[in-house]
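>>> Please find the sequence and the predicted model below.
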Amino acid sequence: MAERHRLPFDPIERAADQWSQRHPEVARMRAVTSLMRVHQLVLSELDELLRPLGLTFARYEVLVLLSFSRRGYLPLGKIGERLQVHATSVTSLAQRLDAAGLIERRPHPDDGRAVLAAITESGRRVLQQATDLITAAGFGLTSLSETECDALSSLLRGPRAAAGDF
C-alpha cells in the first residue's frame, strides 16, 4: 500500500474529546468511528491491491461467493442478499464482471424475472490471483495477530447477531 500521510494526532480521540463535551455514549461513538475508519483503511488497501486485476474488493467478493456456490452460479438477488448489497449495486457489479469476462449473466431457467451470474474459467483464474494477493497482504490486518483477529471476530459477532445478520 502507498504510504499514507500520517496525522500528528489521533482524529478519533480528538473527535471523542469534542463529542464528550456535547453528547453521551463516548465509548460507543469512539468504537463505531474506529470501526468505520478501519473499514475504510482496509478497503482502500485491498482495492489498491486488486486494481491491477481490474477488480475492487466488492467485485472480488462476488467472485468468491460464486466460486463457493455448488454450481458456480447464483441469482443476482441471492448475491445481493448474501453480500448485503442493494440490487442496483449487484447489477452494476455483475455488469462490470461480465464485461471483463469474469462472469456470464444469463436468464434464470425457472424465473423469467431473475438473472443468474456464473463464474467463468477466466473469473476463476483472476480470483486465484486476487486471493493470492489478498492473503499475502494479510487481508489488510497484518498489524493484528491471529489471536487478535479471532478476538475481533468474536467481539463483532454480538452486534452482527443483534442486527439480524444471522
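Happy to help now that I have it.
>>> and residue 110, backbone torsions?
Dihedral pair for residue 110: phi -110, psi -10, per degrees, to the nearest 10.
>>> how many other residues sit next to it?
7 (other Cβ atoms under 10 Å). For glycine as for every other residue, the C-beta is placed from the backbone atoms N, C-alpha and C.
>>> Now the element after the lengthiest helix in the chain, going C-ward?
Criterion DSSP state H: the longest helix present in the chain is helix 26-50. Counting by DSSP states H and E, the element after helix 26-50 in chain order, helix or strand, is helix 57-68.
>>> which secondary structure elements does that next one contact?
Judged by 3 or more Cβ pairs under 8 Å, 6 or more residues apart in numbering; DSSP states H and E, helix 57-68 is in contact with helix 26-50, strand 73-75, helix 76-83, helix 87-99, strand 103-107, strand 115-119, helix 121-136.
>>> Any idea how far that helix is from the middle of the chain?
Chain-centre distance of helix 57-68: 9 Å, with Cα atoms, centre = their mean, to the nearest Å.
>>> Now do it against helix 121-136, angle only.
Angle of helix 57-68 versus helix 121-136, following axes from the mean of the first three to the mean of the last three Cα atoms, to 10 degrees, is 120 degrees.
>>> Number the chain from 20, please
With 20 as the first residue, the last one maps to helix 76-87.
>>> ok, back up a step: tell me the mean pLDDT over the longest helix of the chain?
What helix 45-69 shows for mean pLDDT is 97.
>>> Nearest to residue 171, out of the helices and strands packed on helix 76-87?
With Cβ to Cβ, the closest approach to residue 171 among the helices and strands packed on helix 76-87 belongs to helix 45-69: 9.6 Å.
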